[in-house]
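1. I'd like to go over a predicted model; first the sequence, then the structure.
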Amino acid sequence: MVVNLPTGLDFELAIAARKLIEDVMRVRPGEEVVITADTASDWRVVEATAKATEAAGAKALVAWHATAPGVGKAVEPYVPVKALTELLKVSDVWIEFNKAWLLYSTPYEEAMRVGRTRYICLVGMDADMMVRNIGRVDVPTLYEFQRRLAKITRSCRRMRATSPAGMDVTFENDPSRPVLTEGEVSGPGEYMLFGQVDWAPVEGSIDGVIVFDGSVWPPPELGLLREPIKLRVKEGKVVKVEGGPEARVFEAWLRSFNDERMLRVAHLSYGCNPGAKLTGNILEDERVWGAIEWGLGAQSSTFQGSLGPAPSHTDGICLNPTLECLDDGTKIIENGEYVHPELRDLAQKLRIR
């Protein structure tokens, strides 16, 4: 007789998985839910989510495959692209737990083109992270916080981001582009874990120095940073990478694609999940409270920007930033804390949990 002993956070993980299926993805009885995972995924998370799917009266199918050394289109030489494409584009819900994400790959692009599935990107999610970032979060309050943050951002035409590590970059926003409040699932399309508000500034307006001092992923050789990586940006394109050995690894990875699109700044995000901490897992890192994240390379169509596809995508975390609306001098974040008058009450409520 085989006895499965407790492995920690078992009850809490079950609650978080149920919240994901029922409250976040709004899975209905009879729907077909595809869960993708690679061999680097946390199987406990995959199994708990599949069980929660079945408990909700829906039908779960887990697609498990090898872990690729890259992400986006770079996964395609290593995974069953044709089978995944056909599977995902006819699913009602797709939950991605891959460590090497399928986001921006051909299966992802086809699923989004068909427009049937509700897709959420939860790449690299482990049990501890799922409990802290989903199970223990006051989701309705966080949604309201994100809506206010998005409204404030939409009202700012010119912005400046600085940090103690030396970041100093200015950019403009296009009021016709969306500011996305992640996690609020309302129909077919692409969704991210809540605790993030993101948008694509006017690409050609991004000028200055971006400094990653939290984490970067990919390339897989990085993760948590030992020293900052500085990107000198002109008109939305990285023209110089400065720093130590990690900066050299990062630049070599960007240039290994032999494609100038990998040097383009694609989007900017606020982190606002009160349960998130800096771990080296980019899914969680980009939601650290009061951090901001810049993405390079492929740009999702949901941003309604001017860039579009690229061979891959990378994200870097900037800690303790100050983000200011230059139109009126109002600060949204100061040294990594939300200080805008319209955010303070909800920020306090979320942080004291």
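-> Thanks, I have the structure now. Numbers count the residues shown, from 1 in each chain.
2. got the contact list for the closest residue in space to residue 255 that isn't next to it in sequence?
-> Leaving aside its sequence neighbours, residue 255 sits nearest to residue 262 (Cβ to Cβ, 6 or more residues apart in numbering; 7.6 Å). C-betas here are computed from N, CA, C, even on glycine. Shown in contact with residue 262 (Cβ atoms under 8 Å, 6 or more residues apart in numbering): 254-255, 296-297, 310-312, 314.
3. go with 10 Å
-> By Cβ atoms under 10 Å, 6 or more residues apart in numbering, the contact set of residue 262 is 238, 253-256, 296-298, 310-314.
4. So of those residues, which two are at opposite extremes in space?
-> Spanning the widest gap among these are 255 and 298, at 16.0 Å by Cβ to Cβ.
5. More neighbours: which of these two?
-> The neighbour comparison of residue 255 against residue 298 (other Cβ atoms under 10 Å) goes to residue 298, with 26 against 13.
6. my read: the more buried one touches residue 101, true?
-> No. Residue 298 is beyond contact range of residue 101, at 11.0 Å (criterion: Cβ atoms under 10 Å).
7. where do the contact lists of these two overlap?
-> Between them, residue 298 and residue 101 share these contacting residues under Cβ under 10 Å, 6+ apart: 71-72, 108, 312-313.
8. And the helices in the stretch 1-150 of the chain, which stretches?
-> Taking DSSP state H, counting those that start in this stretch, the helices of the stretch 1-150 of the chain run over residues 10-18, 43-55, 81-89, 106-114, 127-130, 139-154.
9. how does the chain divide into domains?
-> If you go by automatic domain parsing, the domain ranges for the chain are 10-133, 138-182+193-351.
10. a markdown table for the ones you listed, including mean pLDDT?
-> Shown next, in a markdown table, are the domains of the chain (pLDDT from 0 to 100):
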| stretch | mean pLDDT |
| --- | --- |
| domain 10-133 | 96 |
| domain 138-182+193-351 | 96 |
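11. And stretch 257-268, end to end?
-> Taking Cα to Cα, to the nearest Å, stretch 257-268 runs 22 Å from one end to the other.
12. Buried ones in that stretch, by neighbour count?
-> 257, 261-268 (16 or more other Cβ atoms under 10 Å).
13. repeat for stretch 276-291
-> Under 16+ other Cβ under 10 Å, the buried positions of stretch 276-291 are 276, 278-291.
14. With stretch 337-353 instead?
-> For stretch 337-353, using 16+ other Cβ under 10 Å, the buried residues are 338-340, 343, 346-347, 350.
15. Now do the contacts for the residue sitting nearest the centre point of the chain.
-> By Cα atoms, centre = their mean, the chain has its centre lying nearest to residue 283, at 5.2 Å. Residues in contact with residue 283 (Cβ under 10 Å, 6+ apart) are 97, 99, 101, 121-126, 129, 133, 192-193, 195-196, 217, 276, 315.
16. Pipe the shared contacts of residue 298 and residue 101 into a markdown table and attach neighbour count per row.
-> Formatted as a markdown table, the shared contacts of residue 298 and residue 101 follow (neighbours: other Cβ atoms under 10 Å):
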| residue | neighbour count |
| --- | --- |
| 71 | 26 |
| 72 | 25 |
| 108 | 27 |
| 312 | 25 |
| 313 | 23 |
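17. Grab the two from those that are most spread out in space.
-> Farthest apart among the shared contacts of residue 298 and residue 101 by Cβ to Cβ are 108 and 312. That separation is 12.5 Å.
18. where do the contact lists of those two overlap?
-> When contacts are counted by Cβ under 10 Å, 6+ apart, residue 108 and residue 312 are jointly contacted by 72-73, 75, 101, 298.
19. nearest to residue 51, of the residues you listed?
-> residue 101 (23.2 Å).
20. Verify the stated contact: that closest one with residue 120.
-> No. Using Cβ under 10 Å, residue 101 makes no contact with residue 120, being 11.8 Å away.
21. which of these two has more neighbours?
-> More crowded of residue 101 and residue 120, by other Cβ under 10 Å: residue 101, with 27 against 22.
22. which residues sit in contact with the residue nearest to residue 277 when sequence neighbours are not counted?
-> Nearest residue to residue 277 in three dimensions, chain neighbours excluded: residue 288, at 6.5 Å (Cβ to Cβ, 6+ apart). By Cβ under 10 Å, 6+ apart, residue 288 lies in contact with 195, 214-215, 271-279, 317, 319, 336.
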